[in-house]
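>>> what follows is a protein structure lacking sequence information:
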């Protein structure tokens with residue numbers, strides 16, 4: 001039975017982005033809002049995004065009040081948070097969720113104004129080393145509990161942060177099996193990229209000069225030798241950004257520009273069909289805090305190659321669901337790719353570990369059983 005609104009758990013979520021945004025963190029935040037507001041927890045969530053939406057805002061759950069007007073300058077965002085936490089006519093919040101470590105100062109302010117517990121979410125490389133901001137570092141002891149999307153991020157964070165391991169919960173990203181499933185390669189896309197009758201390696205991610213850790217370079221470097229073994233091999237690079245010109249020049253310098261296709265930005269509605277083009281999804285990086293793209297590829301039935309150097313190994317359950325390679329060992333990388341290309345297509349057994357239902361259950365368990373909200377009747 002649906003909980004009465006007056007008895008509902010009220011949560012203020014300070015997020016980088018969510019509805020009307022792209023990328024893995026925005027997707028995580030949408031799943032988070034959906035999970036928090038689902039029965040039987042049935043929380044009421046007020047969500048304040050820091051970034052201005054780039055796409056139409058759609059599919060906001062009924063119990064989520066989303067305020068895109070909070071985005072803009074830092075001052076405007078802080079003022080919006082203050083208005084939502086000081087206005088006596090608004091609901092009292094039982095918890096403050098800080099969706100990114102960069103938002104911690106304003107989240108601490110909100111928790112102080114509301115006298116509410118503070119939950120910090122950590123996504124990856126931004127939390128692996130001491131934060132650049134002295135204020136963020138100073139305020140970390142104000143966090144009551146923190147959630148990481150991987151054990152890797154939890155361990156690296158605790159190497160420098162003044163928090164305890166018993167304050168941590170690992171809740172990985174999840175996959176929507178209704179949105180991604182196996183299917184045939186689309187002839188239209190094969191024609192678009194001139195990849196008919198080719199063996200296709202695929203990487204999907206932003207091509208940012210600040211994020212040169214996703215494995216594009218390593219794949220390009222082993223591609224010449226792979227081509228000797230697999231003459232019809234091609235590399236489809238999906239995603240765009242300011243690092244694309246450098247990678248294009250590198251492909252030309254290595255003599256693999258004729259078998260490397262830069263597809264540019266792929267709209268959300270076309271991602272599933274692009275995954276299905278691949279004979280193997282390859283992203284052997286060194287900076288992934290988790291990587292929802294690995295789950296999406298596996299849900300489409302595509303064999304996956306992840307890295308031992310970051311949390312992507314957790315996305316494939318340390319080799320149970322896909323290959324784990326040493327990105328710094330070209331021979332190991334080539335062997336992992338070859339094995340993935342030889343594997344059967346199909347959704348691997350055990351991928352449901354990352355289902356949305358399990359994601360929802362993990363969040364409900366944290367809020368029901370965690371001591372952070374022990375004073376609130378759930």
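Yep, that arrived. Keep in mind the model is a prediction, meaning the values are calculated, not measured.
>>> just want the most central residue of this protein.
residue 24 (3.3 Å; Cα atoms, centre = their mean).
>>> was I right about that residue contacting residue 294?
No. Residue 24 is beyond contact range of residue 294, at 10.5 Å (criterion: Cβ atoms under 8 Å). Heads up, the C-betas are built off the backbone N, CA and C, glycines and all.
>>> for the record, mean pLDDT for stretch 295-312?
For stretch 295-312, mean pLDDT is 96.
>>> and that stretch, end to end?
End-to-end distance for stretch 295-312: 10 Å, by Cα to Cα, to the nearest Å.
>>> pLDDT below threshold where in the chain?
1-7, 87-91, 370-378 (pLDDT under 70).
>>> all the helices of it, residue numbers only.
Counting by DSSP state H, the chain has helices at residues 24-37, 74-86, 104-114, 134-139, 151-158, 187-192, 216-229, 244-253, 268-277, 292-299, 312-315, 330-342, 356-369.
>>> compare these and give me the one nearest residue 63.
Evaluated over those, closeness to residue 63 peaks at helix 24-37, with 3.7 Å, by Cβ to Cβ.
>>> report all helices and strands that that closest one contacts.
Using 3 or more Cβ pairs under 8 Å, 6 or more residues apart in numbering; DSSP states H and E, the elements in contact with helix 24-37 are strand 10-15, strand 44-49, strand 64-66, helix 292-299, helix 356-369.
>>> test my guess that residue 311 contacts residue 292.
No. Assessed by Cβ under 8 Å, residue 311 is found out of contact with residue 292, at 11.5 Å.
>>> those two: which is more packed in?
residue 311 (29 against 21; other Cβ atoms under 10 Å).
>>> tell me the contacts of that one?
For residue 311, the contact set (Cβ atoms under 8 Å, 6 or more residues apart in numbering) comprises 124, 149, 150, 151, 152, 153, 288, 289, 290, 291.
>>> do that again at 7 Å, thanks
Each residue near residue 311 by Cβ atoms under 7 Å, 6 or more residues apart in numbering is listed here: 124, 150, 152, 153, 288, 289, 290.
>>> tell me which two in those are the farthest apart.
Taking Cβ to Cβ as the measure, the contacts of residue 311 span a maximum distance of 9.7 Å, between 153 and 288.
>>> what sits in contact with each of those two?
Common neighbours of residue 153 and residue 288 (Cβ under 7 Å, 6+ apart) are 124, 311.
>>> more neighbours: which of those two?
More crowded of residue 153 and residue 288, by other Cβ under 10 Å: residue 288, with 33 against 27.
>>> show me what contacts that one?
Counting by Cβ under 7 Å, 6+ apart, residue 288 has contacts 124, 310, 311, 312.
>>> same check on residue 74?
Going by Cβ under 7 Å, 6+ apart, the list of residues near residue 74 is empty.
>>> go on, the one 3 residues further on?
By Cβ under 7 Å, 6+ apart, the contact list for residue 77 reads 50, 70, 71, 106.
>>> the same query, at a cut-off of 8 Å, please.
So residue 77 contacts 48, 50, 70, 71, 106 (Cβ under 8 Å, 6+ apart).
>>> now the two most distant members of those.
So, those by Cβ to Cβ: farthest apart are 71 and 106, at 13.0 Å.
>>> any idea how far residue 193 is from residue 36?
Taking Cβ to Cβ, to the nearest Å as the measure, residue 193 falls 40 Å from residue 36.
>>> neighbour count winner among the two?
Using other Cβ under 10 Å as the criterion, residue 193 and residue 36 rank with residue 36 on top: 25 against 17.
>>> wait, isn't that one in contact with residue 363?
Yes. Here residue 36 lies in contact with residue 363, judged by Cβ under 8 Å, at a distance of 6.4 Å.
>>> quick revisit: most packed of the helices of the chain?
Ranked by mean neighbour count under mean count of other Cβ atoms under 10 Å, the helices of the chain are led by helix 312-315, which reaches a mean of 27.
>>> now find how far off-centre that helix is within its chain.
12 Å (Cα atoms, centre = their mean, to the nearest Å).
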